[in-house]
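# Pasting the sequence and the predicted model now:
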Amino acid sequence: MKSQDTPFEGGPMDGRVLPVLLGPTGHPPKTYRIPVPDAAGGPPAVLVYHRVPRGHSKRLGLVQGWKYLYDPDDKYGGRLRWPWSRPEPRPSAPGPDTTPSGKPDDTDG
C-alpha cells in the first residue's frame, strides 16, 4: 500500500509528521484516531484528528496536500453524513414564554 508523510497540528501530536496509508482514491482518511493507553490500566483515551487541506495552488485552486488538525471535542463523532440524512438536532432555543414582549425602554405614561 502507498503512504504519505502527513503533518499533525495541535494537541499532543503537534509538529509530528507520520506516514499515513492512502485509500483507493489516493487521499488519507478524513478522520485519524490515535488510542493512547491509560497509565492506571483504565480504558485508553482516543486522540481525534480531522483532515484539512494543507494549501491550494494559485491558478486552479487544487489541494496541494493534507494535514491533520486536532479536534478535542470530536464534533463529527465519526458518523457518516449522507445527503438524505436528517440534520442533527440543535440545542433548543428559549420558548416564547421566556422572551419579554415590547421594547426594553417601553414605558406606559
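Now that the structure is in, tell me what you want to look at.

# Poorly predicted segments of the protein, please.
75-80, 87-109 (pLDDT under 70).

# Please name the residues that touch Asp74.
When contacts are counted by Cβ atoms under 8 Å, 6 or more residues apart in numbering, Asp74 touches Val48. (Each C-beta comes from the backbone N, C-alpha and C, glycine too.)

# Let me know the secondary structure of it.
Secondary structure assignment for Asp74 (DSSP: H, G, I helix; E, B strand; the rest coil): coil.

# And the helices in this protein, which stretches?
Taking DSSP state H as the criterion, the chain contains no helices.

# Could you pull out the strands in this structure for me?
3-9, 17-21, 31-36, 45-53, 66-70 (DSSP state E).

# Which among these is found nearest to Trp84?
strand 31-36 (21.4 Å; Cβ to Cβ).

# chain center to the closest one: distance?
Centroid separation for strand 31-36 versus its chain: 13 Å, with Cα atoms, centre = their mean, to the nearest Å.

# Adjacent strands (with direction) for that strand?
Sheet pairing of strand 31-36 (DSSP bridges) gives strand 45-53 (antiparallel).
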